[in-house]
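Q: the sequence and its predicted three-dimensional model are supplied below.
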Amino acid sequence: MEAILAIVKNNLKKPVVGIALGAIVGLILGLIFGWMVWPVEYTDGTPEILRADLQRDYLRMTVDSYNRTGDADAAMKRWDELGDAAGPTYISLQSDPGYLNAAEIQKFGQLVQSVKGAPIQAGAPAESGSMTGLSQIIFFASIAVVAILLGVGGLYLFRLFRRGSGAVTPVMQAAELSRNVEKTDYRTHGLEPPITQSMTTYVFGYDLYDESFSIDTQGGKYLGEYGVGICEKIGVGDPKKVTALEVWLFEENDIKTATKVLMSEHAYNDPAIRARLEPKGELIPLKQGEEVLLETANLQLLATVVDLEYGMGALPQNSYFQRVTLEFAIWPRSKA
């Protein structure tokens, strides 16, 4: 599970993936809020947007009112408010008169024909007045877009997890190596237990290697962060041939971040590489068992090289890492 989460985390760092997932999540949340949490509420709408059965009820009342009052102007105004649904509703009313009689309905129909100058047309049957025209297009287009985005997102995640579950990736190897290394018991060295202690592993092919950890007291107070990432590569092509790693320590109460560069034997002895990396911090040749100390105003980070293996290939000997496992431990500076 940790390896899969690491794969997802690394893929989310890609801008395209982040934007796509953000668009999918945003659209889904928008539709949920638009349809369920804050649905559209109609105020002062016309009968044209009502359901077909409610439109028949409305026209029955219109016919009944006209036959009682004889107010042709009010009757025609109410007829017009039915819009395109007026004709089909009148035709359906003839077969479903309710409390009206056929003579009342026919009399109202004659009024409409005399005013409009044309016989009442049935037109297209109105299945539902609650969603017509543009609203139907928008509704079904939204469903289509959501379905497409969910399909694309699901396919991407399926391929991602299948790839992660089938082959052993460098990310999975790194997580497994870190998990199997026993942490140092610093009490046997006469030291107090550290505030926090962690393992991290770089494996050849882990091109997005960039680990960071939070420093918190037992009471949950945030003190800072520390981590390690790729600093320099050598040669060309993929995977990257990493020749230097950068270890850093940040303290909330210190404006300066402490950094040191852990270099391969070849990189440390190459003047050009040294010149490029010197501005980043103190340069240290990486060796098995090496202990590197970083300090801020109130914190100390001890980074220990637990495991080191160089890659073999056409590049110079001991020029890039095949595998590096580091153990980090943090103490208050006054007690370390």
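A: Perfect, I can see it now.

Q: any idea where the strands of the chain begin and end?
A: Taking DSSP state E, the strands of the chain run over residues 196-203, 210-216, 222-234, 241-251, 258-263, 282-285, 291-295, 299-310, 321-332.

Q: packing partners of the first one?
A: In other words, strand 196-203. Applying 3 or more CB pairs under 8 Å, 6 or more residues apart in numbering; DSSP states H and E, we find strand 196-203 packed against helix 170-180, strand 210-216, strand 222-234, strand 321-332. C-beta: built from backbone N, CA, C; applies to glycine.

Q: can you count the residues close to the nearest residue to residue 210 once chain neighbours are set aside?
A: Leaving aside its sequence neighbours, residue 210 sits nearest to residue 229 (CB to CB, 6 or more residues apart in numbering; 3.9 Å). Counted by other CB atoms under 10 Å, the residues lying close to residue 229 total 16.

Q: now residue 311
A: 20.

Q: where does the protein dip in pLDDT?
A: 1-18, 20, 35-37, 40, 42, 44, 121-136, 138-139, 156-167, 335-336 (pLDDT under 70).

Q: domain map for it?
A: 2-41+132-167, 51-116, 173-332 (automatic domain parsing).

Q: tell me the contacts of the residue nearest to residue 210?
A: Residues near residue 229 by CB atoms under 8 Å, 6 or more residues apart in numbering: 209, 210, 211, 245, 246.

Q: and what of residue 102?
A: For residue 102, the contact set (CB under 8 Å, 6+ apart) comprises residue 94.

Q: so how far is residue 87 from it?
A: 18 Å (CB to CB, to the nearest Å).

Q: got a list of what the closest residue to residue 98 other than its chain neighbours touches?
A: Nearest non-adjacent residue to residue 98, counting by CB to CB, 6+ apart: residue 60, 5.3 Å away. Applying CB under 8 Å, 6+ apart to residue 60 gives the contacts 93, 97, 98, 99, 100.

Q: and the helices in the chain?
A: Listed in chain order, the helices of the chain (DSSP state H) span 2-12, 15-32, 52-69, 72-80, 86-95, 102-116, 134-166, 170-180, 265-268, 271-277.

Q: now the ones you listed as JSON lines including distance to residue 303?
A: Formatted as JSON lines, those follow (distance: least, CB to CB, whole Å):
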{"stretch": "helix 2-12", "distance to residue 303": "21"}
{"stretch": "helix 15-32", "distance to residue 303": "30"}
{"stretch": "helix 52-69", "distance to residue 303": "74"}
{"stretch": "helix 72-80", "distance to residue 303": "81"}
{"stretch": "helix 86-95", "distance to residue 303": "79"}
{"stretch": "helix 102-116", "distance to residue 303": "88"}
{"stretch": "helix 134-166", "distance to residue 303": "29"}
{"stretch": "helix 170-180", "distance to residue 303": "14"}
{"stretch": "helix 265-268", "distance to residue 303": "16"}
{"stretch": "helix 271-277", "distance to residue 303": "17"}
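
Q: quick one: closest of the ones you listed to residue 255.
A: helix 271-277 (22.7 Å; CB to CB).
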